[in-house]
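Chemist: return atomic coordinates for the entry below.
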Amino acid sequence: MKQRTLKKSYSFSGKGLHTGKPVNMTVNPAPENTGIVFIRTDIAQRPVIEARASNVSKTDRSTSLCQDGIAVYTVEHILSALTGLDVDNAIIEVDNVEVPIMDGSARKYAVLIGKDGTLEQDAERRFINIEKPIEVKDPNGAYVRIEPAEKADYDLTIDFGKGVIGVQTAHWDTDMDYISQIAPCRTFCFLHEIEFLLANNLIQGGDIYNAIVIAENPVSEKQMKLFREKFGKPQLSVTPQGYMSNIKLHFPNECGRHKMLDLIGDLRLCGGFLNAKVTAYKSGHTINTAAAKAIEQAIGLK
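Modeler: Numbering: from 1, shown residues only. Below you'll find the model as predicted:
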């Protein structure tokens with residue numbers, strides 16, 4: 001199979017989810033064997049940050065990369081979109097430290113790029129193949145298991161007990177339509193987390209239209225008033241199902257599918273297209289990127 005890149009450049013503007021800073025991002029075609037790289041155009045030297053697991057610097061609520069002291073935050077959604085769209089090579093220019101959050105999914109990236117399709121190049125694609133199973137676990141029971149396979153085949157389970165989300169599963173493989181089945185699925189958080197996140201200078205660019213907000217615990221009128229004022233939505237309420245009333249779910253398991261979106265993006269950091277059977281349980285950015293690092297090490301990627 002040949003490598004592929006974009007047919008043209010695509011520009012996106014918005015704000016960073018965690019920093020709240022405005023950012024312009026342009027995703028450009030790239031020569032063969034470039035892989036995916038970020039360029040900070042707001043810095044005179046235009047430093048390059050390669051999308052590699054060895055460059056992962058932080059995994060608190062998103063995946064951040066840092067190379068030679070220069071960082072780019074929240075890269076997982078655009079990496080997921082490029083993977084789902086079968087793009088080997090792309091140069092992503094950003095004029096601030098964080099990728100724009102858009103609506104909390106990969107939908108806009110995937111729809112715009114997917115509409116035009118991609119361009120075949122002359123070089124052969126570099127698939128990532130492993131010789132024996134790899135498993136990464138954490139003390140809370142989460143794991144990512146990667147087993148040899150002829151193509152990408154991912155299964156994921158999230159388990160929030162008997163709460164609003166409950167147990168959800170999601171599946172992705174290379175025969176599925178990523179644009180319609182995975183890309184629209186938005187990030188999610190719990191209402192009781194928002195005060196903590198704001199107090200710790202996270203989600204400064206967050207609003208109720210770039211995340212599914214779940215009211216897992218009873219919400220007092222005082223709290224609801226605070227959230228209505230914060231987000232400028234006087235009619236905001238909690239639905240009987242336990243979700244904030246501003247948005248409707250695209251899928252009953254949209255939260256599980258968003259975790260799959262993240263997993264696809266994070267595992268792309270292993271250095272290319274992964275041919276493997278991936279089974280993930282209660283996964284998140286920390287364990288996803290640890291799995292990508294383990295793959296890098298297993299194949300001796302330098």
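Chemist: name all residues that make contact with Gly242.
Modeler: Gly242 is in contact with Gly163, Val164, Ile214, Ala215, Glu216, counting by Cβ atoms under 8 Å, 6 or more residues apart in numbering. Placement of C-beta: from N, CA and C, glycine included.
Chemist: helices of the protein, start to end?
Modeler: With DSSP state H as the criterion, the chain has helices at 76-84, 107-116, 178-181, 191-199, 221-231, 254-267, 285-299.
Chemist: worst average pLDDT in the ones you listed?
Modeler: Mean pLDDT values for the helices of the chain show the minimum at helix 191-199, a mean of 70.
Chemist: any stretches of this protein with poor pLDDT?
Modeler: The model of the chain has pLDDT under 70 over residues 195, 197-208, 301-302.
Chemist: state the number of residues packed around Leu85.
Modeler: Applying other Cβ atoms under 10 Å, we find 20 residues neighbouring Leu85.
Chemist: I meant to write Ile179 there.
Modeler: Neighbours of Ile179 using other Cβ under 10 Å come to 19.
Chemist: right, and it touches Ala110 too?
Modeler: Yes - applying Cβ atoms under 8 Å, one finds Ile179 in contact with Ala110, separated by 4.7 Å.
Chemist: list residues touching both of those two?
Modeler: Residues touching both Ile179 and Ala110 (Cβ under 8 Å, 6+ apart): Gly84, Leu85.
Chemist: which residue is the nearest non-sequential neighbour of Glu150?
Modeler: In this structure, Glu150 finds its nearest non-sequential neighbour in Asn275, 6.2 Å apart by Cβ to Cβ, 6 or more residues apart in numbering.
Chemist: ok, Asn288 next?
Modeler: Asp266 is the one closest to Asn288 (Cβ to Cβ, 6+ apart), at 3.5 Å.
Chemist: residues in contact with that neighbour?
Modeler: Counting by Cβ under 8 Å, 6+ apart, Asp266 has contacts Thr63, Glu76, Leu79, His285, Asn288, Thr289, Ala291, Ala292.
Chemist: can I get those residues in a markdown table with neighbour count and distance to Leu156?
Modeler: Shown next, in a markdown table, are the contacts of Asp266 (neighbours: other Cβ atoms under 10 Å; distance: Cβ to Cβ, whole Å):
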| residue | neighbour count | distance to Leu156 |
| --- | --- | --- |
| Thr63 | 28 | 16 |
| Glu76 | 26 | 14 |
| Leu79 | 28 | 16 |
| His285 | 21 | 13 |
| Asn288 | 28 | 10 |
| Thr289 | 26 | 15 |
| Ala291 | 28 | 12 |
| Ala292 | 28 | 15 |
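Chemist: pick the one among the residues you listed closest to Gln168.
Modeler: Using Cβ to Cβ, the shortest approach to Gln168 within these belongs to Asn288, at 16.8 Å.
Chemist: isn't that closest one right next to Leu261, touching?
Modeler: No - between Asn288 and Leu261 there is no contact under Cβ under 8 Å: 11.1 Å.
Chemist: dump the helices of the chain into TSV; add distance to Tyr209 as well.
Modeler: Shown next, in TSV, are these (distance: least, Cβ to Cβ, whole Å):
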stretch	distance to Tyr209
helix 76-84	15
helix 107-116	13
helix 178-181	21
helix 191-199	14
helix 221-231	9
helix 254-267	14
helix 285-299	22
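Chemist: rewinding a little: quick check: the farthest pair among the contacts of Asp266?
Modeler: Greatest spatial distance among the contacts of Asp266 (Cβ to Cβ): Leu79 and Ala291, at 14.3 Å.
Chemist: from Lys108, how far out is the nearest residue to Tyr73 once chain neighbours are set aside?
Modeler: Leaving aside its chain neighbours, Tyr73 sits nearest to Glu98 (4.0 Å; criterion: Cβ to Cβ, 6+ apart). Look at Glu98 and Lys108: by Cβ to Cβ, to the nearest Å, they are 16 Å apart.
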